[in-house]
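Trainee: Provided below for reference: sequence and predicted model.
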Amino acid sequence: MYDGPVLDNHLHLDPVNGRGVEAAEEFERAGGTHLNVLNKPSWNLVGEVDDEDGFRETFDITVEVTEAADEVLPGRARPVLGVHPALISQLLERGYDPEEAADLMKAGIDVAAEYVASGPALAIKSGRPHYDVADATWDASNEVMRHAFARAAEVGCAVQLHTEGGEDFEDIAEWAEAQGLPREQVVKHYSGGYIEGPIPSVIANTDDLERACGGEWPFFMETDFIDDPDRPGAVLGPKTVPRRTATLADAGHDEALRRAHVETPARVYGIDTEATL
């Protein structure tokens with residue numbers, strides 16, 4: 001039976017409004033070992049952002065709570081930092097035009113790349129709105145995402161993407177490659193069990209995980225826990241990935257679990273989840 005590392009690839013810890021490190025402790029008690037902690041949207045942590053300093057404040061909060069989580073885990077907690085794609089809509093409502101909004105968001109991506117290059121961050125977060133927007137907003141968002149690919153290629157890291165749903169993201173993988181970033185370093189957050197193009201980070205629903213385990217492609221497991229006291233357990237609670245891992249192990253999916261928790265992290269992020277236990 002599988003008894004190796006257990007990684008939640010996309011989880012939020014909010015020390016300002018939520019439980020913060022207490023959620024990581026709950027993850028650990030359930031059998032979790034490793035976390036990739038995504039910064040919450042800047043407006044949730046620091047309010048309106050109009051310059052690089054606002055992004056730095058957002059990222060510093062996330063780095064600090066991730067370091068606290070790292071202390072309570074048998075493995076490692078690492079920050080993944082970037083700009084939530086829904087920020088563009090907020091900026092437009094505040095009077096920015098799409099090009100100005102994209103420029104500010106690119107500046108946030110540049111700051112995230114600095115945090116990767118200097119050490120504390122593992123990867124960059126970017127994407128595009130998961131809801132309908134005007135063509136100019138869509139084009140500007142795609143330009144921000146391409147910028148994230150270019151910066152990730154420069155600093156040598158992966159990019160986690162927040163996008164619309166679906167299975168065909170081959171065009172995004174090709175955009176990354178055009179910017180010098182291998183497609184295997186593009187991760188689609190909140191994926192179903194299979195997608196075309198990037199690496200799927202599969203939301204830990206039973207049906208999606210069973211589909212992923214039934215194939216041979218690389219994948220991650222995630223909860224997208226948002227650490228919001230008004231929505232406890234949303235999207236999925238911190239115990240979910242360890243519990244789903246145990247259930248899948250009981251069902252004989254040891255090879256797939258090793259793929260999700262050991263092989264794919266090594267392939268995408270260059271991390272050794274076994275050596276850090």
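Mentor: Structure received.

Trainee: so the residue located most distally from the centre of the chain is in which element?
Mentor: Computed with C-alpha atoms, centre = their mean, the residue of the chain farthest from its C-alpha average is Gly95, at 28.8 Å. Counting by DSSP states H and E, there is no helix or strand that carries Gly95.

Trainee: That one: what's it in contact with?
Mentor: Listed by C-beta atoms under 8 Å, 6 or more residues apart in numbering, Gly95 has no contact partners. C-beta: built from backbone N, CA, C; applies to glycine.

Trainee: just the strands in the protein please.
Mentor: For the chain, applying DSSP state E gives strands covering 7-11, 34-38, 77-82, 123-127, 159-162, 186-191, 199-203, 220-222.

Trainee: Quick check: neighbours of the fourth one in the sheet, parallel or antiparallel?
Mentor: It refers to strand 123-127. Sheet pairing of strand 123-127 (DSSP bridges) gives strand 77-82 (parallel), strand 159-162 (parallel).

Trainee: For Ser201, find the nearest of the ones you listed.
Mentor: Among the strands paired with strand 123-127, the nearest to Ser201 by C-beta to C-beta is strand 159-162 (7.0 Å).

Trainee: contact partners of that closest one?
Mentor: 9-10, 36, 38, 80, 82, 84-85, 123-128, 130, 145, 148-149, 152, 172, 176, 181, 185-190, 198, 201.

Trainee: try stretch 199-211
Mentor: Under the contact criterion C-beta under 8 Å, 6+ apart, stretch 199-211 has outside partners 9-10, 160, 184, 186-194, 212, 217-224, 235-236, 240-241, 244, 247-248, 260, 264, 267-268.

Trainee: what is the mean pLDDT for that stretch?
Mentor: Here stretch 199-211 scores 98 as its mean pLDDT.

Trainee: next one: stretch 174-189
Mentor: pLDDT averaged over stretch 174-189 gives 98.

Trainee: just stretch 110-125 next, same as before
Mentor: Mean pLDDT, computed over stretch 110-125, is 98.

Trainee: Give me the distance from stretch 113-130 to the chain's centre.
Mentor: 9 Å (C-alpha atoms, centre = their mean, to the nearest Å).

Trainee: how long is that stretch from one end to the other?
Mentor: 23 Å (C-alpha to C-alpha, to the nearest Å).

Trainee: quick one, helices of the stretch 51-200 of the chain?
Mentor: Ranges of helices within the stretch 51-200 of the chain are 52-72, 87-93, 98-118, 135-155, 170-178, based on DSSP state H, counting those that start in this stretch.

Trainee: Rounded mean pLDDT for the shortest one, please.
Mentor: Okay, so that is helix 87-93. 98.

Trainee: any residues touching it, and which ones?
Mentor: Residues contacting helix 87-93 (C-beta under 8 Å, 6+ apart): 41-43, 48-49, 98, 100-102, 104-105, 108, 129, 133, 137, 140-141, 144.

Trainee: How about the third one?
Mentor: Residues from elsewhere that reach helix 98-118 (C-beta under 8 Å, 6+ apart): 42, 49-52, 55-56, 59, 63, 79, 81-83, 87-88, 91-92, 96, 121-126, 134, 136-137, 139-141, 143-144, 147-148, 151-152, 154-157.

Trainee: Narrow those to those that are buried.
Mentor: Listed as buried from the contacts of helix 98-118 are 42, 49, 55-56, 59, 63, 79, 81-83, 87-88, 91-92, 96, 121-126, 137, 140-141, 143-144, 147-148, 151-152, 155, 157; burial here means 16 or more other C-beta atoms under 10 Å.

Trainee: distance of Cys157 from Glu25?
Mentor: Distance of Cys157 to Glu25, computed by C-beta to C-beta, to the nearest Å: 28 Å.

Trainee: one step back: please list only the buried members of the contacts of stretch 199-211.
Mentor: Buried residues within the contacts of stretch 199-211, counting neighbours by 16+ other C-beta under 10 Å: 9-10, 160, 186-193, 212, 218-224, 235-236, 240-241, 244, 248, 260, 264, 267-268.

Trainee: Turn the helices of the stretch 51-200 of the chain into CSV, including distance to Asp228.
Mentor: Formatted as CSV, the helices of the stretch 51-200 of the chain follow (distance: least, C-beta to C-beta, whole Å):
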stretch, distance to Asp228
helix 52-72, 15
helix 87-93, 18
helix 98-118, 22
helix 135-155, 24
helix 170-178, 28
